[in-house]
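Q: How does the following fold in three dimensions:
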Amino acid sequence: MNIGLIAHDSKKKLMQNFCIAYKGILNKHELYSTGTTGRLIEEVTNLTVHKYLAGHLGGEQQLGTQIETNDMDMVIFLRDPEKPAKHEPDVANIFRLCDIHNIPLATNLATAEVLVLALDRGDLAWREYV
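A: Now for the predicted structure:
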């Protein structure tokens, strides 16, 4: 399955730790990320991550395109709700596209863990038929 990984600056360390903790599950799937987040994940996990541009340079738009074409099966977007991004319209568009195309989306650690464990159990296998 194709998994999108995005993290606001204040959540990048949390994303790294998440990927370390769930490396055994994530390494069975194709990972896509905005540029900086992807590089940081690769540095600590040795996972292969397909990297887009940095989020503020269009990486979130690139991920949005993959969602629109139904080439993304799950998105984990660890965001900082107390520090909205300058490119907030792109962030909101990711949420909107996930809703439109029925893509499971986590915006915090608790939901990310639920989704990745469901992925490991095969609960998201229905995505393969969409």
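
Q: Which residues belonging to the worst-scoring helix or strand of the chain on mean pLDDT are considered buried?
A: Every helix and strand in the chain was compared by mean pLDDT, DSSP states H and E; the lowest is helix 88-100, with a mean of 84. Buried residues in helix 88-100, counted by 16 or more other CB atoms under 10 Å: 90-91, 93-94, 97-98. All C-beta spots, glycine's among them, are computed from the backbone N, C-alpha and C.

Q: Listing partners with orientation, what would you give for the helix or strand following that helix?
A: Using DSSP states H and E, the helix or strand that directly follows helix 88-100 along the chain is strand 105-106. Looking at strand 105-106 with DSSP bridges, its partner strands are strand 74-78 (parallel).

Q: Contacts for the partner strand next, please.
A: 1-8, 11, 14-15, 18, 63, 67, 91, 94-95, 98, 103-109, 112, 115-116, 119, 124, 127 (CB atoms under 8 Å, 6 or more residues apart in numbering).

Q: Let's see that with 6 Å instead.
A: 3-7, 11, 14-15, 98, 103-107, 112, 115 (CB atoms under 6 Å, 6 or more residues apart in numbering).

Q: how far off helix 88-100 does it point, in degrees?
A: In terms of direction (axes from the mean of the first three to the mean of the last three CA atoms, to 10 degrees), strand 74-78 departs from helix 88-100 by 150 degrees.

Q: Could you give the separation of strand 74-78 from the chain centroid?
A: Distance, stretch centre to chain centre, for strand 74-78: 3 Å (CA atoms, centre = their mean, to the nearest Å).

Q: Around Ile3, count how many other residues there are.
A: Using other CB atoms under 10 Å, Ile3 has 22 other residues around it.

Q: returning to that earlier point: and which of the contacts of strand 74-78 is nearest Lys28?
A: Ile3 (10.1 Å; CB to CB).
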